[in-house]
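Chemist: Following is a predicted model, sequence given first.
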Amino acid sequence: MDRIRIIGGQPLAGEIPIGGAKNAALPLMAAGLLTDERLVLTRVPRLADIATMADLLAGHGIAVEQTDSDGRVLSLGGAITSTEAPYDIVRKMRASILVLGPLLARCGEARVSLPGGCAIGTRPVDLHLKGLEQMGAIIELDAGYVMARVIGRLKGTTIIFPMVSVGATENLLMAASLADGQTVLRNAAREPEIIDLCHCLVAMGARIGGIGTGELVIEGVERLHGATHAIIPDRIETGTYACAVAMTGGSVVLRDARIDHLGAVARVLEEAGIDVAEVPGGVRVQRRNGLHGVDVMTEPYPGFPTDMQAQFMALMAVADGASMITESIFENRFMHVSELTRMGARVNVHGASAIVRGVPQLAGAQVMATDLRASSSLILAGLVAKGETVVSRVYHLDRGYEDVEGKLSAVGAKIERLRD
Ligand SMILES: CC(=O)N[C@H]1[C@@H](OP(=O)(O)OP(=O)(O)OC[C@H]2O[C@@H](n3ccc(=O)[nH]c3=O)[C@H](O)[C@@H]2O)O[C@H](CO)[C@@H](O)[C@@H]1O
Ligand SMILES: C=C(OP(=O)(O)O)C(=O)O
């Protein structure tokens, strides 16, 4: 298992290229199941999760071909030959559940393994299943699998989500695109990744109104066609590197980043003492003077994203004053706290909130990643800690960050991958 070794204390300067968003790319790849024609995706990030989704689609008969020299353009196409998503692949990545809606809409049946919980929470998929049932699907659970079928086509209806779910919105949006009649999704997620999926579906011939709002209106069509779509830049990768610059000092341009996708992150970073400004070709991040403690609560977009909570905690660990960080999306997303504490961070968790009291200096240590964003928070802490930090279990990091060591060393960090 690879590890990442960091010697802390170097300010960062230069440019970091921001890749395509993992959380946009995964549903977009699942959308490849909605047509027999070719769906070409550009700005695809090179990540373990993308390879997992390609494996899953291959099992359904969809070939995912790389059509450029560096693997950033993927062409998806082929007839669906199997409607089963097996446990062995689904267990690696929860986003696998996103094949359920497309398979059901296209083939009238699907057998998809339940993804189960993960380190950050139990993460049920009841909203996905209830929504599909409302559209006429018959759903049974058998031996850890969702067995879904529909007689004829899925039927358009009004679905009111009791809570905002990114994945349920995506699954139902894709299913509704090929359903019979109009579907209204109320209290839908409004994340930039949802908007990106809508834009791609529209390019494939879907009819979607209310894009970017909490109420999506989809007029089902009989078939969708191929399209070419450029994936939006990753706002979480952007926020993560913005925290790296904020913590180490220096000034970095996050190339291709979109400030309009940062939502509350840009505002909170400004409050903490960091300039975040749009510049030609990206976003410049620069620390003003000191770092100040700021309270945040994670919320659906445009609120502060749960996927930035761990990284923001690392930042607050070295800020002046205290910060209260409340996690309202997942019930167990403080796994990074104990490892940050081993590096000298002062954090107390009380239920869904963590009080972080900033310290002048963290100390390098051997730490273990527990999940994707926990991994990146430990990398950030290592960048400012005194001495050496070695982060193990970086396979979590590789799910969502491409070449983190290459990107950070190019702007002056002392960071390397130790291959075992
Ligand atoms: C691949 C991808 O895009 N992953 C993101 C997606 O995950 P994901 O789509 O799994 O997250 P959701 O938005 O669905 O989850 C939000 C909350 O709703 C709950 N819930 C969700 C579905 C359901 O059927 N029942 C239910 O109770 C979840 O347990 C959680 O507490 O959005 C999360 C919230 O922004 C991010 O942290 C993940 O990085
Ligand atoms: C939690 C995340 O991803 P996933 O939903 O795929 O687990 C994430 O991207 O931070």
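Modeler: Done, it's in. Since the structure is predicted, the reported quantities are computational estimates derived from the model, not experimental observations. Ligands and ions are numbered 1, 2, ... in the order given.
Chemist: For the stretch 251-400 of the chain, which segments count as helices?
Modeler: Along the stretch 251-400 of the chain, counting by DSSP state H, counting those that start in this stretch, helices occupy 264-272, 309-316, 336-342, 372-384, 395-398.
Chemist: and the last one, average pLDDT?
Modeler: Model confidence over helix 395-398 averages 95 on the pLDDT scale.
Chemist: Need the contact partners of it.
Modeler: Contact with helix 395-398 is made by 1-2, 4, 47-48, 369-372, 374-376, 379, 391, 404, as judged by CB atoms under 8 Å, 6 or more residues apart in numbering. In short, each C-beta sits where N, CA and C put it, glycine included.
Chemist: hang on, the earlier thing: any chance of the helices of the stretch 251-400 of the chain in a markdown table, plus mean neighbour count?
Modeler: Shown next, in a markdown table, are those (neighbours: other CB atoms under 10 Å):
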| stretch | mean neighbour count |
| --- | --- |
| helix 264-272 | 20 |
| helix 309-316 | 29 |
| helix 336-342 | 21 |
| helix 372-384 | 29 |
| helix 395-398 | 20 |
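Chemist: closest to Ala58 out of these?
Modeler: In terms of CB to CB, the element of these nearest to Ala58 is helix 395-398, at 20.0 Å.
Chemist: And the residue of the stretch 51-200 of the chain that's closest to ligand 1?
Modeler: Gly167 (2.7 Å; CB to the nearest ligand atom).
Chemist: any idea which element that residue lies in?
Modeler: Per DSSP states H and E: Gly167 is located in helix 166-177.
Chemist: Next secondary structure after that helix?
Modeler: strand 182-186.
Chemist: ok, that next one near ligand 1 or not?
Modeler: No. Using CB under 6 Å from any ligand atom, strand 182-186 stays clear of ligand 1, with a minimum separation of 13.2 Å.
Chemist: strands paired with that strand, and their directions?
Modeler: Paired neighbours of strand 182-186 in the sheet (DSSP bridges): strand 158-160 (parallel), strand 215-219 (antiparallel).
Chemist: Name the stretch among the ones you listed that sits most buried.
Modeler: Among the strands paired with strand 182-186, ranked by average contacts under mean count of other CB atoms under 10 Å, first place goes to strand 215-219 (a mean of 19).
Chemist: Contacts made by it with the rest, please.
Modeler: 156, 169, 173, 176-177, 179, 181-186, 188, 198, 206-210.
Chemist: Return a ChimeraX selection command for the buried portion of those residues.
Modeler: Filtering the contacts of strand 215-219 down to the buried ones (16 or more other CB atoms under 10 Å) takes a single ChimeraX command:
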select :156,169,173,176,177,179,182,183,184,185,188,198,206,208,210
